[in-house]
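Enquirer: my questions are about this predicted structure, shown below with the sequence.
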Amino acid sequence: MCKKQARDPNNTGVVAILHPWESGMDNSPAWDESMTFPIDPSLPPYERQDLTHVNANMRPTKDTYDRYLTLLYRYEI
């Protein structure tokens, strides 16, 4: 799928956001319902940089972060 098809699949001129990080509002409750999909079991190992400098109550849980990366790899174009 080309980038235009991913961003405007119905050719409506309305751009789609595919990942909460794109909005800058990834901690917003507005994303909670849409982020309830299964985590990709083949997700490669990763090291989170935020664990060393962000308070635990201010950063995503491991499951949420795994979902972020699942989307990242799913929509890699």
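Expert: Here it is on my side, so go on.
Enquirer: can you list phi and psi of the nearest residue to residue 18 once chain neighbours are set aside for me?
Expert: Of all residues not flanking residue 18 in the chain, residue 75 sits nearest, at 4.7 Å (CB to CB, 6 or more residues apart in numbering). All C-beta spots, glycine's among them, are computed from the backbone N, C-alpha and C. Dihedral pair for residue 75: phi -100, psi 10, per degrees, to the nearest 10.
Enquirer: count of neighbours near residue 75?
Expert: 11 (other CB atoms under 10 Å).
Enquirer: next: residue 27.
Expert: By other CB under 10 Å, 12 other residues sit near residue 27.
Enquirer: re the thing from before, how near is the residue nearest to residue 18 to residue 53?
Expert: To residue 53, residue 75 is 28 Å away according to CB to CB, to the nearest Å.
Enquirer: so where does the spatially closest residue to residue 38 that is not a sequence neighbour fall, helix or strand?
Expert: The shortest distance from residue 38 to any non-neighbouring residue, by CB to CB, 6+ apart, is to residue 70 (7.9 Å). Assigned by DSSP states H and E, residue 70 belongs to helix 62-74.
Enquirer: next, name the residue at the spatial heart of this protein.
Expert: Most central in the chain under CA atoms, centre = their mean is residue 68, positioned 3.2 Å from the mean C-alpha point.
Enquirer: ok, now how distant is it from residue 36?
Expert: Taken as CB to CB, the span from residue 68 to residue 36 is 13 Å.
Enquirer: go on, residue 75?
Expert: 17 Å.
Enquirer: what residues does the helix holding residue 70 touch?
Expert: Residues outside helix 62-74 that contact it (CB atoms under 8 Å, 6 or more residues apart in numbering): 18-21, 26, 35, 37-40, 43, 46, 48, 60.
Enquirer: try 6 Å
Expert: The list of residues contacting helix 62-74 from outside it, by CB atoms under 6 Å, 6 or more residues apart in numbering, reads 19, 35, 39, 40, 43.
Enquirer: identify, from the residues you listed, the entry nearest to residue 11.
Expert: Comparing those against residue 11 with CB to CB places residue 19 closest, at 21.2 Å.
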